[in-house]
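A.B. asks: Fold the stuff below for me.
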Amino acid sequence: MANGAVLVGWRRRWNRSLLQFLGRRVRSTVEVEDLAQEIYLRLLRAPDLLQVRNPQAYLLRVAGNVVAEWRRQYSPTEPFSADEEDLPVDECLPELALDAALSEERLNRQLALMSPMMRAVVLLRLRDEHSYKQIAQELDLTLRQVRRHLARGYERLRSAVED
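C.D. replies: Prediction:
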């Protein structure tokens, strides 16, 4: 199966998540769409997408790299032109705002159902961007325990968002 066929499935399944991800990082709707297109083009050139273990995470990692490159290229020191939209993303894409609010509610509900240790590990990783080693030291866990809590926590969060 070629990367194109794999990407069709990825787009069908995670395009909304990708657009939300980009919408939180970029002001203009047009730029969100351009960046999404650039991400899919880069993924088409990838060696073999069938070998990717966690496709959604891979997609968002590529998106993060594309946004970082875009920010370096178009630094915030450049003035915006008068014709560019100065609206927050929520006003530009109301359906994304609604989806984001529903997803956030589901995620918060799922976080509340987690054990205190799993919740702490997940929040330290996602919110505070700690490394596995930092989390292990801070919570007095082994790296294996951190990985296990994160894997289970991510699975719960993923299922909450996908439902």
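A.B. asks: any idea which helix or strand comes after the helix or strand that contains residue 120?
C.D. replies: Assessed by DSSP states H and E, residue 120 sits inside helix 116-126. Sequence-wise, the next helix or strand downstream of helix 116-126 (DSSP H and E) is helix 132-139.
A.B. asks: model confidence over that next one, on average?
C.D. replies: Average pLDDT, helix 132-139: 92.
A.B. asks: what's the angle between it and helix 116-126?
C.D. replies: Going by axes from the mean of the first three to the mean of the last three CA atoms, to 10 degrees, helix 132-139 is angled at 140 degrees with respect to helix 116-126.
A.B. asks: Helix 132-139 packs against which elements?
C.D. replies: helix 116-126, helix 143-162 (3 or more CB pairs under 8 Å, 6 or more residues apart in numbering; DSSP states H and E). (C-beta placed from N, C-alpha, C; glycine too.)
A.B. asks: Quick one: distance of it to the chain centre.
C.D. replies: Relative to its chain's centre, helix 132-139 lies at 23 Å (CA atoms, centre = their mean, to the nearest Å).
A.B. asks: Give me the contacts around that helix.
C.D. replies: Contacting residues not belonging to helix 132-139 are listed as 117, 120-121, 124-125, 130, 141-143, 145-147, 150 [CB atoms under 8 Å, 6 or more residues apart in numbering].
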